[in-house]
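> sequence? don't have it. structure:
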């Protein structure tokens with residue numbers, strides 16, 4: 001199938017995970033504005049993708065016993081990969097991935113603290129699937145384009161976060177500073193905007209924000225779970241003074257409150273951090289890198305404009321993303337292929353374009369780890385190193401090895417897809433460059449692809465030749481440097 005509008009393709013790579021042939025057929029008749037509206041208005045689209053797990057028409061999963069994505073982290077990783085490939089709400093999954101990196105939380109620490117099953121529930125339990133609150137990634141998905149203030153509040157009381165950043169150890173006798181520091185340094189306005197005095201004050205603000213184990217102490221019980229609780233008797237009730245304004249009147253002091261009303265301290269600080277102008281600008285810069293370019297630094301006008309949209313809409317993210325996708329910076333094709341694909345973006349896009357018949361998403365997990373990205377396991381609280389940081393020698397080799405494996409896995413389907421181009425090597429190359437979405441090749445690598453197709457026995461276009469050459473060409477395209485950009 002011929003490729004569609006370059007702008008539509010650009011849109012679906014950045015605001016989604018690329019285009020399957022079905023996606024191309026769905027979006028090819030839309031204007032760019034209509035396609036943007038469809039992506040943004042994802043709440044109008046049923047979120048029923050999980051119901052398709054196990055359907056032979058979709059990518060498969062591998063169950064080791066019962067498939068348990070709500071309590072088994074490996075199955076949870078499979079479910080999320082399945083969603084990325086097949087969701088009709090691609091922007092929701094893309095923003096969930098963005099916030100997963102922003103609010104980076106390591107499953108391995110949860111596992112070591114509360115055990116494997118409860119740790120997986122803290123990260124991935126789907127609302128109503130098992131007793132207890134929904135997991136962190138489900139909360140992020142729910143609030144992905146809502147008000148940042150609300151998402152920040154949810155992450156501050158999220159049981160997984162309270163375990164990961166030691167909030168559960170934060171008491172009035174011994175304030176624990178980890179979360180108080182990271183909510184300022186990483187989650188909101190960043191370094192240079194707070195002092196050590198602010199870190200200590202923030203730690204005291206969040207004293208008493210804790211978790212409790214429900215259904216007894218037997219952590220292996222599937223009905224056991226952790227939930228948020230505010231322990232008033234552990235809250236430090238004195239006033240807390242900051243170096244930046246907390247309230248609209250400019251006051252920098254959170255007043256003394258009774259222990260029973262102490263949770264309001266945290267809510268006041270969260271609101272102040274969320275609406276702070278530097279938070280708006282920092283989020284704008286991160287969204288520039290995520291949607292527009294990692295090659296060029298953020299345009300100051302872009303940062304100012306996005307921050308203004310954020311402030312005018314009471315920290316709501318949907319209007320900000322709406323502004324970005326319709327902006328001249330995003331719609332300029334000079335910024336196409338100006339972003340390095342994260343490993344999970346690279347893998348999911350390739351599956352959508354190469355095919356998934358007979359493929360289990362379980363086989364994607366090890367290659368992703370070798371490329372440097374394991375879902376639910378960023379390297380630390382700062383998240384993954386983005387941009388060129390993805391491309392160590394080993395990680396780049398892992399991408400090429402994966403390209404070979406996915407091409408081999410789909411070789412017979414690729415051979416059948418090549419039947420319309422059996423007339424010549426040139427026709428096959430044209431067909432597959434239309435099927436896939438690499439950045440434009442310069443003449444030398446383009447000639448190299450053509451040379452591969454011409455090498456060996458004389459061209460006959462036989463089924464056997466097509467199967468071999470189509471798989472080999474796919475390996476070369478997906479493994480090429482041109483395919484690593486979005």
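Done, it's in. Treat the numbers as computed from the prediction; the structure is a model and nothing was measured.
> Do a quick rundown of the strands in this protein.
For the chain, the strands defined by DSSP state E cover 209-214, 225-230, 240-241, 253-254.
> Relative to residue 336, tell me which of these wins on proximity.
strand 225-230 (43.0 Å; C-beta to C-beta). (Each C-beta comes from the backbone N, C-alpha and C, glycine too.)
> Starting from that closest one, tell me which strands it pairs with and how they run.
Strand 225-230 has these partner strands in its sheet, going by DSSP bridges: strand 209-214 (antiparallel).
> and the helix or strand bottoming out on mean pLDDT in the chain, which residues are buried?
One helix or strand of the chain scores below all others by mean pLDDT, DSSP states H and E: helix 21-27, with a mean of 91. Judged by neighbour count using 16 or more other C-beta atoms under 10 Å, the buried positions of helix 21-27 are 23-24, 27.
> So for the residue nearest to residue 388 when sequence neighbours are not counted, what's the pLDDT?
Nearest residue to residue 388 in three dimensions, chain neighbours excluded: residue 340, at 6.5 Å (C-beta to C-beta, 6 or more residues apart in numbering). Residue 340 is assigned 98 on the pLDDT scale.
> My guess is residue 340 contacts residue 390. True?
Yes. Contact between residue 340 and residue 390 holds when scored by C-beta atoms under 8 Å: they sit 5.7 Å apart.
> what's the burial count for the residue nearest to residue 388?
By other C-beta atoms under 10 Å, the residues close to residue 340 number 19.
> That one and residue 95: what is the separation?
Look at residue 340 and residue 95: by C-beta to C-beta, to the nearest Å, they are 18 Å apart.
> Same question for residue 249.
With C-beta to C-beta as the criterion, residue 249 and residue 95 are 34 Å apart.
> who's more crowded, these two?
For residue 249 versus residue 95, neighbours defined as other C-beta under 10 Å are more numerous around residue 95 (23 against 6).
> got a list of what the more buried one touches?
144-145, 317, 321 (C-beta atoms under 8 Å, 6 or more residues apart in numbering).
> can you do 7 Å?
By C-beta atoms under 7 Å, 6 or more residues apart in numbering, the contact set of residue 95 is 144-145.
> repeat for residue 404
Counting by C-beta under 7 Å, 6+ apart, residue 404 has contacts 475, 479.
> ok, it to residue 374 distance?
Counting by C-beta to C-beta - residue 404 and residue 374 are separated by 21 Å.
> and if you look at residue 282?
26 Å.
> With residue 460 instead?
For residue 460, the distance to residue 374 - C-beta to C-beta - is 44 Å.
> Same question for residue 383.
From residue 383 over to residue 374 (counting by C-beta to C-beta), the distance is 13 Å.
> Over to residue 123?
On the measure of C-beta to C-beta, residue 123 and residue 374 end up 12 Å apart.
> Check residue 26 too.
For residue 26, the distance to residue 374 - C-beta to C-beta - is 31 Å.
> any chance of the strands of the chain in TSV, plus mean neighbour count, mean pLDDT and distance to residue 292?
Shown next, in TSV, are the strands of the chain (neighbours: other C-beta atoms under 10 Å; pLDDT from 0 to 100; distance: least, C-beta to C-beta, whole Å):
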stretch	mean neighbour count	mean pLDDT	distance to residue 292
strand 209-214	18	96	36
strand 225-230	18	97	36
strand 240-241	18	98	38
strand 253-254	18	98	37
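> Tell me which of those strands lies nearest to residue 130.
strand 225-230 (7.3 Å).
> residues in contact with the closest one?
114, 118, 121-122, 131-133, 157, 159, 208-215, 263.
> do the same with stretch 336-346
Contacts of stretch 336-346 (C-beta under 7 Å, 6+ apart): 6, 10, 17, 97, 293-296, 368, 371-373, 375, 387-388, 390, 399, 439, 484-486.
> Now intersect the residues you listed with the helices, please.
6, 10, 97, 368, 371, 399 (DSSP state H).
> would CSV of these with neighbour count be doable?
Shown next, in CSV, are the ones in helices among the contacts of stretch 336-346 (neighbours: other C-beta atoms under 10 Å):
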residue, neighbour count
6, 11
10, 21
97, 24
368, 21
371, 25
399, 25
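> Take the residues you listed and write them to TSV, including distance to residue 234 and pLDDT.
Putting these into TSV (distance: C-beta to C-beta, whole Å; pLDDT from 0 to 100) gives the following:
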residue	distance to residue 234	pLDDT
6	57	93
10	51	96
97	35	98
368	40	98
371	43	98
399	48	98
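> Quick check: the farthest pair among the residues you listed?
For these, and using C-beta to C-beta, no pair is farther apart than 6 and 368, which are 28.2 Å apart.
> And the helices in the stretch 351-486 of the chain?
Using DSSP state H, counting those that start in this stretch, the helices found in the stretch 351-486 of the chain span residues 362-371, 393-409, 411-417, 425-435, 443-454, 463-478.
> and among those helices, the most buried is which?
helix 463-478 (a mean of 21; mean count of other C-beta atoms under 10 Å).
> between it and helix 393-409, how big is the angle?
Computed by axes from the mean of the first three to the mean of the last three C-alpha atoms, to 10 degrees, the angle separating helix 463-478 from helix 393-409 equals 160 degrees.
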